[in-house]
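Enquirer: quick check, what structure comes out for this input:
(chains A, B, C and D)
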Number of protein chains: 2
Amino acid sequence: MTDKLEALRRTKLFSDLPQDALRDLAEHAVERRLRRGETLFVAGEEARGLYVIVRGAIRAYRESLSGREQTVHVERAGSTIAEVPVFDDGPHPSNAVAEEDTLVLFIDKRDVKKLCREHPCIALGALKAMAGRLRHTAALIERLSLRGVDQRLAAFLLEEAERYGVRTARGLSVELRLTNQEIAARIGTVREVVSRALARLQRESLIELKGRRLTVLDERGLALRAESFIVRQA
Amino acid sequence: MTDKLEALRRTKLFSDLPQDALRDLAEHAVERRLRRGETLFVAGEEARGLYVIVRGAIRAYRESLSGREQTVHVERAGSTIAEVPVFDDGPHPSNAVAEEDTLVLFIDKRDVKKLCREHPCIALGALKAMAGRLRHTAALIERLSLRGVDQRLAAFLLEEAERYGVRTARGLSVELRLTNQEIAARIGTVREVVSRALARLQRESLIELKGRRLTVLDERGLALRAESFIVRQA
DNA sequence: GGCGCGCAGTGACCTAAATCACGCAGGGCG
DNA sequence: CGCCCTGCGTGATTTAGGTCACTGCGCGCC
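Expert: Numbers count the residues shown, from 1 in each chain, chains lettered A, B, ... in the order given. Predicted structure coming up:
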């Protein structure tokens, strides 16, 4: 119980809720544990509430008939998922699956809305979260429609390195947590193409990849490549 | 003045605001008229507030260096635009341009947030609007990444016909308000490809196109095509 | 009436990316 | 140890879709 309360307090959305409201919320929240790969909900299904991620990560994605996936966004501890259907009362727009072993708290959508009515700061927080999500999806739309695979990959690697990497003598360095398959699903292509694009970026000395260890050798160059630029060369 | 008030009342977001709050809002709102093609704001620019569309339509889009555009969404009378930067205090994520002669009301973002705090129903309305937008962008992401041009075009035509068309003996019929160029920007491709894809859909008797008059001859077939299906034939 | 303009249609490319078909390395485990 | 599984790399081939370059039409306007 107190751990649920603690978990909710660590959350972007609910952190500045007064103690008693938080307690009340914690009492109604129900825990759910997922193993890596387990699905939380599927697109089209009716949505009953919001999920707060306590530990782990959830990936929301869409799927084609042929089985190709496009991930729409990934949320980690402290964030929430499924707010869209909570606020517009429609079905789940995407599938959601645990990227790692994950613990979520389920909160009934009526409780969420009640909270928004009684504590406007919650509503504003939710609005801010949705705004961030929309910013992210707009960027993704631009990339998918207007940039080539190399650029999308460059942008992805850069983001990954800046978010999780450490600065070394040779450049930003990260352990890639994703397989090429998963990277492909993020940037909207397939495994083989990612593989080749990585090889290309290495040949141009923008990055170095040893196993899953990525080092960004030329940050500026990689950023340029991400922005676009039809660099035509041998 | 009263016309501003009237306009705000006709708006999805503010319609159920009490009279006095509405009057107050109307007093602070400032009108802006745009001719077709005039731009309202550009991506990256600092955002000072929200725009309520009174008449006309605004198109939000992203642009590549080479000049290709991808429209992200289009909003019409009664809707608002630029809520993302209002709620997360960042710059404008997209460019916005008037699709037709348009009248908007500008509302300072501080006023918007104040309203959200004092009238939770406004916050919930905004959340619902954002949720709808997110639903739309997720669908667009799926289409861009997972479907071919024909499917995207079929989906677009279908939506257009269902929204604005009339049912005739031969099928749903609409006047297309967009040039092929504009359709291309919506579905993420270029003029010529739209032209050819339209020809293909006609050859298969799914649609008929005379000038800009579109008639959906086979609604079911067109829907199937939109969903996907690698129909391979002569 | 003729000229210019914007838009649609189309043929002939070209190229990025998807698909297919492998082979190979590492790692868990019977 | 030997094997199976998963993920990676890579060549060969195909294909969708983007680009270029024209044509031709409708329409407004001088």
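
Enquirer: get me the contact residues on chain A for DNA strand D.
Expert: Contact residues of chain A with respect to DNA strand D, defined by C-beta under 7 Å from any atom of the strand, are listed as A:T179, A:N180, A:Q181, A:R191, A:E192, A:S195, A:R196, A:L198, A:A199, A:L209, A:R212. (Glycine included, C-beta is placed from N, CA and C.)

Enquirer: can I get those residues in a markdown table with secondary structure?
Expert: Formatted as a markdown table, these follow (DSSP: H, G, I helix; E, B strand; the rest coil):
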| residue | secondary structure |
| --- | --- |
| A:T179 | coil |
| A:N180 | helix |
| A:Q181 | helix |
| A:R191 | helix |
| A:E192 | helix |
| A:S195 | helix |
| A:R196 | helix |
| A:L198 | helix |
| A:A199 | helix |
| A:L209 | strand |
| A:R212 | coil |
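
Enquirer: by neighbour count, which of those residues wins?
Expert: Comparing those by number of neighbours (other C-beta atoms under 10 Å in any protein chain shown), A:L198 comes first, having 19 neighbours.

Enquirer: about what we covered before: could the residues of chain A next to DNA strand D go into a markdown table alongside pLDDT?
Expert: Output for those, formatted as a markdown table (pLDDT from 0 to 100):
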| residue | pLDDT |
| --- | --- |
| A:T179 | 96 |
| A:N180 | 97 |
| A:Q181 | 97 |
| A:R191 | 97 |
| A:E192 | 97 |
| A:S195 | 97 |
| A:R196 | 97 |
| A:L198 | 97 |
| A:A199 | 96 |
| A:L209 | 95 |
| A:R212 | 94 |
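
Enquirer: now the helices for chain A?
Expert: With DSSP state H as the criterion, chain A has helices at A:2-9, A:19-28, A:83-88, A:109-118, A:120-146, A:149-164, A:180-187, A:191-203, A:219-227.

Enquirer: most tightly packed of these?
Expert: Ranked by mean neighbour count under mean count of other C-beta atoms under 10 Å in any protein chain shown, the helices of chain A are led by helix A:83-88, which reaches a mean of 24.

Enquirer: what residues does that helix touch?
Expert: A:47, A:49-50, A:90-93, A:109, A:112-113, A:126, A:129-130, B:124, B:127-128, B:130-132, B:134-135, B:138 (C-beta atoms under 8 Å, 6 or more residues apart in numbering or on different chains).

Enquirer: now it: how far from the chain's centre is it?
Expert: 18 Å (C-alpha atoms, centre = their mean, to the nearest Å).

Enquirer: let's see the pLDDT reported for A:G56.
Expert: At A:G56 the predicted local confidence, pLDDT, stands at 95.

Enquirer: contacting residues around it?
Expert: When contacts are counted by C-beta under 8 Å, 6+ apart, A:G56 touches A:L34, A:R76, A:A77, A:A98, A:E99, A:E100, A:D101, A:T102, A:L103, A:V104.

Enquirer: with adjacent residues omitted, what lies nearest to it?
Expert: In this structure, A:G56 finds its nearest non-sequential neighbour in A:T102, 2.7 Å apart by C-beta to C-beta, 6 or more residues apart in numbering or on different chains.

Enquirer: check what pLDDT the nearest residue to A:R68 once chain neighbours are set aside gets.
Expert: With C-beta to C-beta, 6+ apart as the measure, B:L146 is the residue that lies nearest to A:R68, at 5.9 Å, once sequence neighbours are left out. In this prediction, B:L146 carries a pLDDT score of 96.

Enquirer: now the one 3 residues further on
Expert: B:V149 is assigned 97 on the pLDDT scale.

Enquirer: cool, thanks, talk later.
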